[in-house]
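Q: With the input below, show me the fold.
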Amino acid sequence: LMLGTSNHAHPQGIALGQWRHHMPNNRIKSIIETPDRIIGATNYGLVVFNKQDNSLERINKVHGLSDFGIASLAYSDRHNTIMVGYENGNLDVIRDNAFINLQDIRRAPILDSKRINRFLFNGDVAYLACDFGIVQVDLNTLLIRDTYFIGEEGAMVNVNDLALHNNRIYAATNNGLITADANAPNLADYN
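A: Numbering: from 1, shown residues only. You can find the predicted model right below:
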């Protein structure tokens, strides 16, 4: 009797030595649309709806993401790039079905929260609204160009969101709305 039932006790669909993700994916916190997919972010991964064949796919730490605790999600049409920001400052870039992890913010010697709240794309630059300020990422090289501490006297301030209008960049912070000329030669100067 034990030999007869043991064949049915093995999990179906998982090869020996492989992992399966068993985290809840029913709470979508952010959603983006690419030309061929609609992607929703949960705390634990991405839920991807393919518009061509109506299939559903889950992408998580087992399948390419570098972390848990997704805080923000964005898509750049110009660079065909998806950016995934995490609570701990980790950053994943998905381009041409390749996953690239940028750990610079997570590893930075900042004692406060490093959460990535939002993304703003402007040409070949991504501005990241973080809990300590703004980070500028070059979308061609995927290198961090600069970090802006825009609080009083250059202090860290929680930047909740960013917008660009009439060549001005606007930062919605916990201390109010801060604005600067987007073409200024030294945006790192808090003045």
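
Q: which residues touch the spatially most central residue of the chain?
A: Taking C-alpha atoms, centre = their mean as the criterion, V84 is the residue nearest the geometric centre of the chain, at 1.8 Å. Going by C-beta atoms under 8 Å, 6 or more residues apart in numbering, V84 touches 41, 46, 65, 70, 72-73, 91-94. Backbone N, C-alpha and C define where each C-beta goes, glycine included.

Q: nearest spatial neighbour of D131, skipping sequence neighbours?
A: S113 (3.9 Å; C-beta to C-beta, 6 or more residues apart in numbering).

Q: How much space separates that neighbour from A180?
A: To A180, S113 is 23 Å away according to C-beta to C-beta, to the nearest Å.

Q: Give me the pLDDT value at the residue nearest to D131.
A: S113 carries a pLDDT value of 95.

Q: residues contacting it?
A: With C-beta under 8 Å, 6+ apart, S113 has these contacts: 87, 131-132, 158.

Q: Neighbour-wise, give me the winner out of those residues.
A: F132 (24 neighbours; other C-beta atoms under 10 Å).

Q: My understanding was that it contacts L111; is that so?
A: No - between F132 and L111 there is no contact under C-beta atoms under 8 Å: 9.4 Å.
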